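1. Quick check, what structure comes out for this input:
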Amino acid sequence: MRLSSFWPQADEQVPNDRLIRFRPVPPGRKAIVPMNRKQRRAAAKLGSAVPQLLATGLQLHRAGRLVEAEACYRQVLATQPNHAAAHSNLGSALMGQGKLDEAVAAYRQAIRIKPDLAAAYSNLGNALMGQGKLDDAVAAYR
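-> Next up, the predicted model:
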């Protein structure tokens, strides 16, 4: 499908060889957020252990071992601080331990990184309700 079918003047205003072409992110993969040098070095040392650490954290979380799950999520975030799912999962582990202030901060960070992460908004609302901040909770649910 040509761009001109949506915007009739597009092909006339910009020569075809000057159009920017974006490759879509393949299904099942996430867009990569750039890391600084320190983060790249730490990630290289950790190698492919990040997905394993995240999976271990999820298993521990499901088993109710929240302190250990928190440690796994924090290890992931030490090497990949822009990992939205790890922030969100960390928030859930903290909320389960009753650390609502830290949970709210983790959910807000997840939302900053990935604004379309619906679970983070829902969990943020739950944490804010637990703090008695009902107006903020309603805003988070919207």
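2. can you give me the helices for this protein?
-> Ranges of helices in the chain, per DSSP state H, are 10-13, 37-46, 49-62, 66-79, 84-96, 100-113, 118-130, 134-141.
3. Highest mean neighbour count across those, which stretch is it?
-> For the helices of the chain, the stretch with the most neighbours on average is helix 84-96, a mean of 24; neighbours defined as mean count of other CB atoms under 10 Å. Bear in mind the C-beta positions are built from the backbone N, C-alpha and C, glycine included.
4. Measure how that one sits relative to helix 66-79, angle-wise.
-> On the basis of axes from the mean of the first three to the mean of the last three CA atoms, to 10 degrees, helix 84-96 is oriented at 150 degrees to helix 66-79.
5. Let me know the angle separating helix 84-96 from helix 49-62.
-> An angle of 30 degrees separates the directions of helix 84-96 and helix 49-62 when computed by the same axes, to 10 degrees.
6. Could you pull up phi and psi at residue 64?
-> phi 90, psi 10 (degrees, to the nearest 10).
7. ok, now residue 114?
-> Residue torsions, per degrees, to the nearest 10, at residue 114 are phi -130, psi 90.
8. got it, and residue 99?
-> phi -90, psi 70.
9. That one: what's it in contact with?
-> Taking CB atoms under 8 Å, 6 or more residues apart in numbering as the contact definition, residue 99 lies against nothing.
10. State the pLDDT value of it.
-> Per-residue confidence for residue 99 comes out at a pLDDT of 92.
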